[in-house]
Each structure stands twice: as structure tokens, then as C-alpha cells.
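Engineer: here is a sequence together with a model predicted from it:
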Amino acid sequence: MLAQAAQSGWLPYLLFESPGWLMVPLAVIWAGTRITGRRTGNKRLMHLSWIALGLVAAVFASSYLVTTQREQLGGALKELLLAVEDKDFDAVRTLVDEQATIAYTGKENARPSFMKDELTREEMIGRLDQVRFDDIILIGSSAALDKQRDHGITGMRLNVKGTVGDYPGTQVSEWAVRWKYVDGRWVAIRLECIKIGADALFNRPE
């Protein structure tokens, strides 16, 4: 929580990303003033209860209406995964910069036979076009902004089920994606595969 709040700022985090931290005490205040006000007939407490209820509603609504920059970054990652799974390469090109590089940065001796040092965006799309994706499961993810807030990085662990030719398989992999914020949206500038499971899809003899 502390790391997320530091990334977004305490006020945006409490209001928009994790409103429960404010809604719970406000709801307690509402319930307490409402019950006490009705028992004692104290109009001031009744008015205070309505104010507390209004604040609860406002905080709840703001969490849905406002998306922080860090939340946008996490959303861009999910959009990219969905575009890959659907093989919507126009969307992939929108989310991945033309000059982006795709690389395997894990241990050299563990690099799968299909992965060379670096791929361009179009080479990556060419590889993706050879795969029939049955499912891409996002096991876990994280999103962080840099100090200038115009660059960010997302980490993810994936379980990919698919088929290349006559070779079906399941691949568990870990990735880091670096992004830049351009014209109000996040664009990926580098994708790094950090780890691929031993039973990797495509990792077969040539």
C-alpha cells in the first residue's frame, strides 16, 4: 500500500485507488451519528449523518469516475494482452511504439531456441501471427511510475495456452514492460521477457 500511495500521491490514492480507507470511517461516523441522532432527537447529529453519507457516496463515485495515471498504466497493460490474445495487431501497433524493442533478458543459457537477442515490433507481430492463442491468463501484475511520471514500468506473470503448428503447449513467463506517456496515453517502448518456464511453448528442437 505504501509503495502504491507513494506512486500516485496520498490524496489520489485514498480518493481514487483505495477509497475503502476513507469510506469505512465515514460510514462509521454516519452510522454513529444517525443512531444517536434518532435516539436523542438531536437535529445537528442528524444533519451530520447526512453529510457523512454524502461524503461516502462522493468518495465511492469518484473511485469509478476518476482513473489515476498509475491505474491507466495497469489498464494499458491489460489492453495489450487482450489485443495479443485477439490477434488485433492494429491495436498492438497503437499500444507499442514503432521503435520499441522486445528482448529476452533472463539467463543466457536458458534462452529458448525461438528467441533471439532482440526483436523489433514488426518481428514480434510476425511471431505472434504464427500462434493460435487459446487463453492468456494474467497471474499477477504491478505498475509503477518514475519521478517525472511520464515513464512507467509494469511487471507481469503470464500463463499462455496456445498452439504453433501442431505443437500445443502452456507457457508460464515473467515480463517487464517499459512505457512512456504520450498525448494522454501510455505506449510501450520496451518489452523484456525475464523468465520462461521449462515447458515453454515453441521451445522445441528445430
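Structural biologist: Looks like it arrived, so ask away.
Engineer: neighbours around Glu71, how many?
Structural biologist: 16 (other Cβ atoms under 10 Å). Heads up, the C-betas are built off the backbone N, CA and C, glycines and all.
Engineer: do the same with Ala57
Structural biologist: When neighbours are counted by other Cβ under 10 Å, Ala57 comes out with 12.
Engineer: work out for me the element it sits within.
Structural biologist: If you go by DSSP states H and E, Ala57 is part of helix 43-65.
Engineer: what helices or strands is the strand or helix carrying Ala143 leaning on?
Structural biologist: Secondary structure assignment for Ala143, by DSSP H and E: strand 131-145. Contact analysis of strand 131-145 by 3 or more Cβ pairs under 8 Å, 6 or more residues apart in numbering; DSSP states H and E lists helix 2-8, helix 69-85, strand 151-164 as its packing neighbours.
Engineer: sketch out the low-pLDDT regions of this protein for me.
Structural biologist: Within the chain, the segments meeting pLDDT under 70 span 1-23, 59-67, 106-117, 197-206.
Engineer: quick check, central residue of it?
Structural biologist: Geometric centre of the chain, nearest residue: Gly74, 2.3 Å, by Cα atoms, centre = their mean.
Engineer: surely that one and Gly155 touch.
Structural biologist: No. Taking contacts as Cβ atoms under 8 Å, Gly74 lies outside contact range of Gly155: 10.6 Å.
Engineer: can you check which residues contact both of the two?
Structural biologist: Residues touching both Gly74 and Gly155 (Cβ atoms under 8 Å, 6 or more residues apart in numbering): Ser141.
Engineer: show me what the helix or strand that contains Leu26 is packed up against.
Structural biologist: With secondary structure defined by DSSP H and E, Leu26 is part of helix 20-40. Here helix 20-40 touches helix 43-65, going by 3+ Cβ pairs under 8 Å, 6+ apart.
Engineer: what's the strand holding Ala143 in contact with?
Structural biologist: Taking Cβ under 8 Å, 6+ apart as the rule, strand 131-145 contacts 3, 7-8, 69-71, 73-74, 77-78, 81, 84-85, 87, 151-164, 168, 172, 201.
Engineer: at 6 Å what do you get?
Structural biologist: 7, 70, 73-74, 81, 85, 152-157, 159-164 (Cβ atoms under 6 Å, 6 or more residues apart in numbering).
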